[in-house]
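S.K.: here's a sequence, model it:
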Amino acid sequence: MLFATSSTNHHVLYNHYVVAKKASAANIPYGNFTQTLQFSASSRTITKESEIRWQIMIDLAYGCSRVQYFTFVSPIEWAGDSYKQEGLVDFYGEPTERYYFAQNVNRTIASMDEAYLNYKWIDTLLVDGNDSTGNMAFDMIREESPKSVAGLNSISGSLDTIVGQFDSKVDGNKGYM
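M.R.: Sure thing, here's the model as predicted:
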């Protein structure tokens with residue numbers, strides 16, 4: 001199994017792309033670590049459910065079939081000032097606010113997992129939004145990303161969009177996320 005992780009936001013899509021392509025070519029499962037806390041001065045602060053949901057939906061658009069949370073239980077020692085937030089569960093075993101965020105996101109995944117797991121990831125299309133002023137994450141893989149998606153006439157939006165392309169393992173239909 002291959003896992004990807006990244007320390008900065010603009011590398012997230014590049015890491016996903018590279019690992020998803022390698023895992024797909026080798027026909028092995030692909031998983032990712034979902035950040036649930038700020039663990040360094042340069043990492044994201046997780047303060048909303050949408051921040052966990054964003055990470056998971058990106059994972060799924062790149063064909064991840066395994067999701068793990070980093071970090072579930074808060075570190076015993078905070079290693080100086082390295083960890084800036086608690087994990088999904090605090091040092092005393094009590095759920096934090098992010099625990100409930102992850103629980104809600106897990107419900108979303110569970111509601112679609114049977115259908116999702118019947119598809120194989122093919123590729124991911126990057127669509128520039130109407131008001132896009134440049135997206136460093138998109139720029140890192142723009143040349144490798146497909147320019148169109150079979151079966152879709154057009155895709156547009158006001159914001160930058162990621163579209164995962166999938167083939168059904170059961171009946172040959174196309175799927176998009």
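S.K.: tell me which stretches of the chain form helices.
M.R.: Under the criterion DSSP state H, helices of the chain are mapped to 9-26, 49-61, 97-116, 136-141.
S.K.: could I get the shortest one in CSV with only the CA atoms?
M.R.: Taking Å, rounded to 0.1, in the frame of the first residue of the first chain, the C-alpha atoms of helix 136-141 are listed here in CSV:
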residue,chain,number,x,y,z
MET,A,136,0.3,27.0,-7.2
ALA,A,137,-1.0,23.5,-6.4
PHE,A,138,-2.6,23.2,-9.9
ASP,A,139,0.5,24.7,-11.6
MET,A,140,2.7,21.9,-10.2
ILE,A,141,0.9,19.2,-12.1
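S.K.: for that helix, which positions count as buried?
M.R.: Residues Ala137, Phe138, Met140, Ile141 are the ones in helix 136-141 that count as buried (16 or more other C-beta atoms under 10 Å). For every residue, glycine as well, the C-beta is placed using N, CA and C.
S.K.: the first one now?
M.R.: Buried positions in helix 9-26, judged by neighbour count with 16+ other C-beta under 10 Å: Val12, Leu13, Tyr14, Asn15, His16, Tyr17, Val19, Ala20, Lys21, Ala23, Ser24.
S.K.: in the protein, where is pLDDT below threshold?
M.R.: The chain contains residues with pLDDT under 70 at 1-10, 38-44, 75-84, 132-133.
S.K.: let's have the helices of the chain in a markdown table, adding distance to Gln85.
M.R.: Below are the helices of the chain laid out as a markdown table (distance: least, C-beta to C-beta, whole Å):
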| stretch | distance to Gln85 |
| --- | --- |
| helix 9-26 | 17 |
| helix 49-61 | 12 |
| helix 97-116 | 8 |
| helix 136-141 | 23 |
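S.K.: looking at those helices, which is closest to Thr124?
M.R.: Each of those was scored for nearness to Thr124 using C-beta to C-beta, and the closest is helix 49-61 (5.6 Å).
S.K.: what packs against that closest one?
M.R.: For helix 49-61, the packing partners by 3 or more C-beta pairs under 8 Å, 6 or more residues apart in numbering; DSSP states H and E come out as helix 9-26, strand 30-35, helix 97-116, strand 161-168.
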